[in-house]
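Asker: Next input, structure requested:
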Amino acid sequence: MDPMTPENQRWLLLGAGGQLGAEWARYLKTHGYAYKACTRKEVDITRPDEVRGVIAKFRPDIVINAAAYTAVDQAEEDAVTAGKVNSVAAGNLARLCADHGTLLVHYSTDYVFAGKLEDRAAYPEGYPEAAEPHPVNRYGETKWMGEKAIQQERCPHLIVRVSWLCGHYGNNFIHTMLRLAREKKQINVVNDQHGCPTFTRPAVLNTMALIEAEQRGTWHISSAGETTWYDFAKAVFEKHRSRGNGTDRNHGPVSVIPIPTSEYPTKAARPEWSRLCIKRLAEVKGSRILPWQEELAEFMRDLPD
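Answerer: Numbers count the residues shown, from 1 in each chain. Model prediction:
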């Protein structure tokens, strides 16, 4: 591949309306790349003719697939739709990229792993890329099937797994916590699910490092360190208050209460151990890995008032 410059690469971005997609669109625009960003309304990846048409017309060198079915609980009841987006469409996209010799960058998830707390002893720094997937729920199953579908097509590809994704665009844990703090005096947050957040801006930068280093295959991207959802929530509110912002409408700082997962039942099982190992990423030239606390501080500084 030629050196990665705005002048000699064309990029097709699918799923531009989501957290990662919107971040990618911002990055490509800011850095002057020739790109076409498509939301679901513009290109539905479950419709092969639409994808084939935009690839044939735009002739991209690189396709970023940030489109995904991410309604984890809903996937338990609608696994067919989740599978069409996360598995079948991923395979079709890989087939088209193989036909054109196009690099496919596809995002996956920590949910492909079993997420058992006892795995923490075997993988204290998080699941490595080579760990055997055993999806924790149907959403994870569809993402793992999508990974396999891409691998079977043998197109040049990067499969990037992320965990606890948080960005300035779209819905995520941070935005949910800040919204709840405006509505409630007390928020219950589970304290027995362990992992590490991935912020979208460094996720894009680290994906670019992988692309520029001509890496292929499956990679993990996240911040450094480990936390629980409860400790993550507390840190969010601490950073928010440090900016001089209230976390509510009328009644002072919100109280965050730690609870076990058993007190917050969901349709889909959630992993107890969800950390991804990023040791390989740290060895890639140009990668930037910071503790999640530092990434959170940067995220909150850029948060609109």
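Asker: mind listing the helices for the stretch 1-150 of the chain?
Answerer: 19-30, 48-58, 72-75, 79-83, 89-100, 119-122, 138-153 (DSSP state H, counting those that start in this stretch).
Asker: And these: which comes nearest residue 219?
Answerer: Distance to residue 219, taken as CB to CB, is lowest for helix 138-153 among the helices of the stretch 1-150 of the chain, at 11.7 Å. Glycine gets a C-beta too; all of them are placed from N, C-alpha and C.
Asker: tilt between the helix or strand immediately after the closest one in the chain and helix 89-100?
Answerer: Once the chain leaves helix 138-153, the next helix or strand it forms, by DSSP states H and E, is strand 157-162. On the basis of axes from the mean of the first three to the mean of the last three CA atoms, to 10 degrees, strand 157-162 is oriented at 150 degrees to helix 89-100.
Asker: Which neighbouring elements make contact with the following helix or strand past strand 157-162?
Answerer: Using DSSP H and E, the next helix or strand after strand 157-162 towards the C-terminus is strand 165-166. Secondary-structure packing of strand 165-166 (3 or more CB pairs under 8 Å, 6 or more residues apart in numbering; DSSP states H and E): helix 19-30, strand 198-199, helix 200-212.
Asker: For whatever helix or strand comes next after strand 165-166, buried residues please.
Answerer: Counting by DSSP H and E, the element after strand 165-166 in chain order, helix or strand, is helix 173-183. Within helix 173-183, the residues that count as buried by 16 or more other CB atoms under 10 Å are 173, 174, 175, 177, 178, 180, 181.
Asker: what is the mean pLDDT for the next helix-or-strand element following helix 173-183?
Answerer: As assigned by DSSP H and E, the chain's next helix or strand after helix 173-183 is strand 186-190. Computed over strand 186-190, the mean pLDDT rounds to 97.
Asker: got the CA coordinates for strand 186-190 in PDB?
Answerer: Provided in PDB are the C-alpha atoms of strand 186-190 (Å, rounded to 0.1, in the frame of the first residue of the first chain):
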ATOM      1  CA  GLN A 186     -29.800   8.400  43.100                       C
ATOM      2  CA  ILE A 187     -28.400   6.100  40.400                       C
ATOM      3  CA  ASN A 188     -27.800   2.400  41.000                       C
ATOM      4  CA  VAL A 189     -24.800   1.100  38.900                       C
ATOM      5  CA  VAL A 190     -23.500  -2.500  38.800                       C
END
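Asker: can you give me how far the helix or strand following that strand is from the chain middle?
Answerer: Per DSSP H and E, strand 186-190 leads on to strand 194-195 as the next helix or strand towards the C-terminus. Its chain's average C-alpha position is 15 Å from that of strand 194-195, according to CA atoms, centre = their mean, to the nearest Å.
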